[in-house]
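*Asks:* below are the sequence and a predicted model; questions follow.
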Amino acid sequence: GESVGLHLPTLSVQEGDNSIINCAYSNSASDYFIWYKQESGKGPQFIIDIRSNMDKRQGQRVTVLLNKTVKHLSLQIAATQPGDSAVYFCAESGQAGTALIFGKGTTLSVSS
Amino acid sequence: GAGVSQTPSNKVTEKGKYVELRCDPISGHTALYWYRQSLGQGPEFLIYFQGTGAADDSGLPNDRFFAVRPEGSVSTLKIQRTERGDSAVYLCASSYMGGRADEQFFGPGTRLTVL
């Protein structure tokens, strides 16, 4: 299953499905965006980033889409696996230049 | 190589006490950041060091919070007169140069509980 559009605090998918996690960012002047994965009891782990001069970037099984017009960011995970279960956060570079501003997290649950 | 380490992993203290939280960044990283993460929320920025100096401390909530990085490596976050509302996970991150697009590597955090 997939979920598009509005931010959802939780997303449950079956193993092998594609997942889409959405995020709205706050500052139209931000020019750098990152997706982090956070597993229970651990710090956030970098997944993929994108600069504002791009609208799409692909990694291994992950794709980030950036829509600057509506200040929207999405993370697509292909062939979701149980090991992908975690909380996912988007982050933007704040006006201070290097401090990250994190969005609301989405808890992804993948069932076998 | 070793990642960012934080000690202690858990700290329980009583209201009004003083606590120190330690962060060991990745060797060679000049930039160091502290964030605070409350339950169910994303991390919130506290302070950023470039070398030994605090380049941006705009996220510190009040003057009970203070951080140092005297030799440009290890950093200590200090909280005076702790309050129950200070309970959270305190995360440390480091990056190579501190540039806008430099990847920030996070430690596992210190879970602070103020009773």
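*Replies:* Now that the structure is in, tell me what you want to look at.

*Asks:* near chain B, which residues of chain A show up?
*Replies:* Residues of chain A lying close to chain B (Cβ under 8 Å from any Cβ of the partner chain) are A:31-32, A:34, A:36, A:41-46, A:49, A:51, A:89, A:91, A:93-94, A:96-105. Quick note: C-beta positions are derived from backbone N, CA and C, even for glycine.

*Asks:* in strands, which of those appear?
*Replies:* Residues of the residues of chain A next to chain B located in strands (DSSP state E): A:32, A:34, A:36, A:45-46, A:49, A:51, A:89, A:91, A:93, A:100-102.

*Asks:* contacts for the helix or strand of chain A with the lowest mean pLDDT next, please.
*Replies:* The weakest-scoring helix or strand in chain A, judged by mean pLDDT, DSSP states H and E, is strand A:100-102 (a mean of 91). With Cβ atoms under 8 Å, 6 or more residues apart in numbering or on different chains as the test, strand A:100-102 has contacts from A:25-27, A:30, A:34, A:36, A:89-94, B:33, B:35, B:42-45, B:104.

*Asks:* tell me the strands beside it, with direction?
*Replies:* strand A:86-93 (antiparallel) (DSSP bridges).

*Asks:* now the strand it pairs with and strand A:45-51, what's the angle there?
*Replies:* 40 degrees (axes from the mean of the first three to the mean of the last three Cα atoms, to 10 degrees).

*Asks:* per-residue confidence for residue 44?
*Replies:* You didn't pick a chain, so chain A it is. Note for A:Pro44: predicted pLDDT of 96.

*Asks:* that's the wrong chain, I meant chain B
*Replies:* 96.

*Asks:* and if you look at B:Arg100?
*Replies:* In this model, B:Arg100 is scored at 74, pLDDT.

*Asks:* number of nearby residues for the closest residue to it other than its chain neighbours?
*Replies:* Counting by Cβ to Cβ, 6 or more residues apart in numbering or on different chains, A:Ser93 is the residue found nearest to B:Arg100 once chain neighbours are left out, at 4.9 Å. Neighbours of A:Ser93 under the rule other Cβ atoms under 10 Å in any protein chain shown: 23.

*Asks:* which residues sit in contact with A:Ser93?
*Replies:* Each residue near A:Ser93 by Cβ under 8 Å, 6+ apart is listed here: A:30-33, A:99-101, B:100-101.
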